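J.: My questions are about this predicted structure, shown below with the sequence.
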Amino acid sequence: MSEHEFKGLIGQPLDRVEGPLKVSGRATYAADWRGDKPHLIGFIVESPVAKGRIVSIDAGKARACEGVKAVVTHENAPKQIPFGERAKGGRFAQSHAMMRTDEVRHLGYPVALVVADTLEQARHAASLVKVEIEAEDGVFDPETHEDEAVKPGELDGSPEVDTETGDFEAEYEKATHRVEGEFHTPHQHAAAMEPHATVAEWDGDKLTVHMSIQILGDGRKAFANTFDIDPEDVRIVSPYIGGGFGSKLGVHNEAILAAHGAKLTGRPVRIAQHRRNVFSNGPNRPPHRQRLKLGADANGKIVAIDHDVLSIMARDYPFAEAAASPTRGSYATKAMRTKHRVVEGDIPKADSMRAPGEAVGTLTFESMIDELAHSCGVDPVEFRLRNEPEKDPHSGKPFSTRKMRRCLQEGAETFGWKGPVSRREGDWLIGHGMAAAIRPNLMQKAEAEIELSTDGRVTVRLDMTDIGTGTYTILTQIAAEAMGVSPEYVTVKLGDTDFPETCGSGGSFGAGSTGTAVFEAARALKDDLLKRAAKADGDWKGANSKELRINGANIALGERTLPIAQLGDGSGGISAKGAAKPGKEYKTMAQYSYGAQFAEVAVDAVTGEIRLRRLTGVFDAGRILNEKTARSQLMGGMIFGIGAALMEESLMDLRYGAFMNRDLAEYHIAVNRDVPRLDVHMIDGFDENSNPLGSKGIGELGICGAGPAIANAVFAATGHRVRKFPIHMEDLISSLPPLDG
Ligand code: MOS
């Protein structure tokens, strides 16, 4: 078993190493966890109004119910730091105080928590809690409150908030072809299969929570900042997560409430949000109004781009999607202006969701590019090729790599692109559309520990999470290849703040950042093993750690072997740590991952019903770490794109700030019947400027471009441009051809 034998393991379509545990029900998700002490169940009483002050709470009847151990309200909740304070470290680390005062922050805000022996008892008692609230008018719609909009302190992912290069007005004025449009995208909810859940337990001032969360390190700070305790006194455990999609990046409401219940009762308390809770006590993607103006010259070259974004955030929870950020890296232009504004509102926490920024930004921008290509009379693929930039259009920095041309060309070829085809097949209007996909490639700080036991087994520990993306598997592959052992000898342990801190899962930065940390840890361990070997036996001096391998209970190099047991101090295994952080190439270069997507839709000529017939995506995300999990992620992203174009929206009654479709029967995500064959192609590359593994973020790339490709196909089919997403049949009906006879 030499390193050489396992070279090439990275990239292989290894099955998910935790798959058997999941399909056999043995993976313990947050709500599955059972400790030594029997725990109690919490049930949330939600506010029926969005803003106001609690005048009185009568919990007498609830407290008298069988099995009820406590009713937590603002009158008896544990001491907390005000919501939003001590925000150093960002919004995920800020205080997430709940029920600290009599203030109601949004519709569905927890005003009481009933804790009882069983769920049934808690739920029944919760129905008996009487809350009187003096309601006030709230802010729910960014457009009607646009005069209160402010420039966000920062954008999600931290790109510049506003940018301007060249003279937009002058170039736009001179342009031969001009298009402009106002787009609307709705609130959305991540709709993870596993609702947010927590089991919390106090031991004096020490808090342990088993919860479903994507970034443990920040979560730990959030608990510490909420309860004014030391982060070291908080332990978060989150080994398995049933989907996050951003909605579990930070601490969610039931986690703080479970800690309240546990404090008051002295027992562990479990709260699993029910599906309706998730829509108010989990985060949402905010709605956006985007205004776009694009100009091109007589040769079909883009000369002017203006992208203006307005959105809404929850009060005291600073958040703004960088919707115009992908625009900045997309096309060569003489002038470009981008701007983001946000209104503070009385809505549940607005937060990152599946490709924050790009998902809504490329949806609209790539639709507008289609309009501009159309106006120029140039094929949309040719138009994009013609406007490919040599260097980053906004910053002027060189691209680390840019394989957009290949994505466009290979996509066109695979799909059989013949331009924006529109034809009729019986009652169906067929249209072809395409769009480019671009997403910043990010890298974050991460640490990992790797341990070699005397019997040659490798254990990797880090507080990274696997949100269903395949982290356990790719880290197993990386550790196995780096150590020169078979993957069966590697155990990856994730999701525990007792392990070295990482960036967690988010922003498509998880694999590259934590994979690098594991890779570096393995490198450090091999160097250390050789040092120890040289001490034990002079023959090993000067050996190259790259050639070191693990052979059963021995280390081996060429013909030499030495028992691992002789290298340690006798107390067990030998371990080393490794760390990753963004290199200078993240400052000196523009780093993105790329794609191109092609869609065929059929629109019912009578009803306007839209069916997606096929979707092809070609992607460049650097080196692919696992062919199977990468494909699944891209597919999942493409499916989100279908939802964004055609289905997903959380409808808010703007009179009350109330989400109306709070379940998966009414919040429509694309299901099997909506998803045709998806063609996924990966351009396997290596970006040497990204990280030592050569990989780039892939998780959210598939989303980018999928939605606008579909929207552009709908335009091709019907000749009608819908600028409000998702596109509904009623938006098309007036543009359909007259019925015969
Ligand atoms: Mo992602 S929206 O950063 O989980």
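T.: Sure, I can see it. Numbers count the residues shown, from 1 in each chain.
J.: isn't Met404 right up against Ala596?
T.: Yes - using CB atoms under 8 Å, Met404 is in contact with Ala596, at 7.3 Å. (Glycine included, C-beta is placed from N, CA and C.)
J.: Are there residues contacting both of these two? Which ones?
T.: Residues touching both Met404 and Ala596 by CB atoms under 8 Å, 6 or more residues apart in numbering: 384, 436.
J.: contacting residues for Phe279?
T.: 108, 189, 348, 650, 659, 662-663, 667.
J.: Show me how to select, in PyMOL, the buried members of those residues.
T.: Listed next is the PyMOL selection for buried residues among the contacts of Phe279, using 16 or more other CB atoms under 10 Å:
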select buried, resi 108+189+348+650+659+662+667
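J.: from memory Gly357 sits against Pro326, does it?
T.: Yes - using CB under 8 Å, Gly357 is in contact with Pro326, at 6.5 Å.
J.: what's near enough to touch Phe168?
T.: 304-306, 335-337.
J.: Up against the ligand, what does the protein have?
T.: Residues of the chain lying near the ligand by CB under 6 Å from any ligand atom: 214, 244-246, 249, 352-354, 356, 506-507.
J.: Reformat those into CSV and put neighbour count and secondary structure next to each item.
T.: CSV is the format used below for those (neighbours: other CB atoms under 10 Å; DSSP: H, G, I helix; E, B strand; the rest coil):
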residue, neighbour count, secondary structure
Gln214, 28, coil
Gly244, 28, coil
Phe245, 25, coil
Gly246, 24, coil
Leu249, 26, coil
Ser352, 27, coil
Met353, 26, coil
Arg354, 25, coil
Pro356, 26, coil
Gly506, 26, coil
Gly507, 27, coil
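J.: Name the nearest residue to the residue of the stretch 551-700 of the chain found nearest the ligand, sequence neighbours excluded.
T.: Per CB to the nearest ligand atom, Glu700 is where the stretch 551-700 of the chain lies closest to the ligand, at 6.6 Å. Distances taken as CB to CB, 6 or more residues apart in numbering put Ala355 closest to Glu700, at 3.7 Å, once the chain neighbours are dropped.
J.: can you tell me how far Asp463 sits from the ligand?
T.: Using CB to the nearest ligand atom, to the nearest Å, we find Asp463 at a distance of 16 Å from the ligand.
J.: again but with Asp316, I slipped
T.: As judged by CB to the nearest ligand atom, Asp316 and the ligand stand 21 Å apart.
J.: contacting residues around the closest residue to that residue other than its chain neighbours?
T.: Computed as CB to CB, 6+ apart, the closest residue to Asp316 that is not its neighbour in sequence is Gly84, at 3.5 Å. Taking CB under 8 Å, 6+ apart, we find Gly84 in contact with 94-95, 316-317.
J.: For the residue nearest to Glu700, list the residues it contacts.
T.: 439, 637, 640, 700-701, 703-704.
J.: hang on, the earlier thing: closest one of the contacts of Gly84 to the ligand?
T.: So of these, ranked by how close each gets to the ligand (CB to the nearest ligand atom), first place is Tyr317, at 15.3 Å.
J.: Can you check my assumption that Leu83 lies in a helix?
T.: Actually, residue 83 is Phe rather than Leu. No - under DSSP: H, G, I helix; E, B strand; the rest coil, Phe83 falls outside any helix and is assigned coil.
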